[in-house]
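S.K.: sequence and predicted structure are below.
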Amino acid sequence: HSVTEDCLVPICCGLYELLSGVLLILPDIMLEDVMDKLIQADTLLVLVNHPSPAIQQGVIKLLDAYFTRASKEQKDKFLKNRGFSLLANQLYLHRGTQELLECFIEMFFCRRIGLDEEFDLEDVKNLGLFQKWSVILILGLIETSLCDNVLLHSALLLLLQILNSCSKVADMLLDNGLLYVLCNTVAALNGLEKNVPLNEYRLLACDIQRLFIAVTIHACSSSGSQYFRVIEDLIVLLGYLQNSKNKRTQ
């Protein structure tokens, strides 16, 4: 880590911001020369793997601008390549931040929403399929937010609201490892218990419990063999937690 790197970060962030702004107002006739030529989604997925939260945020905002101008074919290609999962995996290597969560919320709802702001449950149902898939990014932020209890609480609460508002998005979350994320978070939280104030620990444990309850209600009130597997997975994973060496996890 050097002074040069510290100087490069604001320059790179400024360039990402400039590119995002230009891309959003670029005339349609010029898009063909820019999209997937000068600005490529695959390249942005690599660039986001950076230790600087500011650069991560800059890349995400440029990617969001790319999605705003992308054709249906370009969006379908991104989904086919499991782009949101790849993006979440890249960011899993770094600590979660409130700014990242706010970027993901904006990408999901296609508008800026504050962490403490209520949203209409119908808003989630009415989102396009591409927007719904971006919920994976919020899921990917849970385990990386363990060092920030306020951020983790906000992310868990947001997931709970989203899960309760749309069965399609609930299925997407389950298909992309919601139960594993929650169980990993419980185990990790109990490993950090001495560093977490008791009232905050109880709040986070309650958040996770409410998500488990919401998943159970969703699975029991939906028809299809895949929902039996959800219940089976939940029983198995909770069994692993119960057999943990950590008394609090049990």
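M.R.: It's in.

S.K.: centre of the chain to the helix or strand of the chain with the lowest mean pLDDT, how far?
M.R.: When each helix and strand of the chain is scored by mean pLDDT, DSSP states H and E, helix 121-125 comes last, with a mean of 85. Helix 121-125 has its C-alpha centroid displaced from the chain centroid by 18 Å (C-alpha atoms, centre = their mean, to the nearest Å).

S.K.: report how many residues lie close to Val169.
M.R.: For Val169, the neighbour count with other C-beta atoms under 10 Å is 21. C-beta coordinates here come from the backbone N, C-alpha and C atoms, glycine included.

S.K.: ok, now which ones touch it?
M.R.: The contact partners of Val169, taken as C-beta atoms under 8 Å, 6 or more residues apart in numbering, are Val124, Lys132, Val135, Ile162, Leu163.

S.K.: the residues you listed in helices, which ones?
M.R.: Here DSSP state H is the test, and these give Val124, Lys132, Val135, Ile162, Leu163 as lying in helices.

S.K.: so who does the fourth one touch?
M.R.: By that I understand Ile162. Contacts of Ile162 (C-beta under 8 Å, 6+ apart): Phe108, Val124, Val135, Ile138, Val169, Leu173.

S.K.: mind redoing it with 7 Å?
M.R.: Taking C-beta atoms under 7 Å, 6 or more residues apart in numbering, we find Ile162 in contact with Val124, Val135, Val169.

S.K.: which strands and helices lie in contact with the least confident helix or strand of the chain?
M.R.: helix 149-165 (3 or more C-beta pairs under 7 Å, 6 or more residues apart in numbering; DSSP states H and E).

S.K.: buried residues, the helix it packs on. List them.
M.R.: Using 16 or more other C-beta atoms under 10 Å as the test for burial, helix 149-165 gives 149, 151-160, 162-165.

S.K.: how far out from the middle of the chain is that helix?
M.R.: Centroid displacement of helix 149-165 relative to its chain, using C-alpha atoms, centre = their mean, is 11 Å.

S.K.: just the strands in this structure please.
M.R.: With strands called from DSSP state E, the chain shows none.

S.K.: if we can go back for a sec, out of the ones in helices among the contacts of Val169, which is nearest to Leu26?
M.R.: Within the ones in helices among the contacts of Val169, the smallest distance to Leu26 is 26.3 Å, found for Lys132 (C-beta to C-beta).

S.K.: excluding its backbone neighbours, what's nearest that closest one?
M.R.: Val169 (5.2 Å; C-beta to C-beta, 6 or more residues apart in numbering).

S.K.: any idea how far the one you found is from Leu139?
M.R.: For Val169, the distance to Leu139 equals 10 Å [C-beta to C-beta, to the nearest Å].

S.K.: just the ones in helices among the contacts of Val169: which has the poorest pLDDT?
M.R.: When the ones in helices among the contacts of Val169 are sorted by pLDDT, the bottom entry is Val124 at 89.

S.K.: who's in contact with it?
M.R.: With contact taken as C-beta under 7 Å, 6+ apart, Val124 is in contact with Ile162, Ser165, Cys166, Val169.

S.K.: and Val215, by the same measure?
M.R.: Counting by C-beta under 7 Å, 6+ apart, Val215 makes contact with Leu174, Leu178, Leu179, Val230, Leu234.

S.K.: tell me the pLDDT at it?
M.R.: For Val215, the model assigns a pLDDT of 96.

S.K.: just the buried ones from the contacts of Val215?
M.R.: Leu174, Leu178, Leu179, Val230, Leu234.
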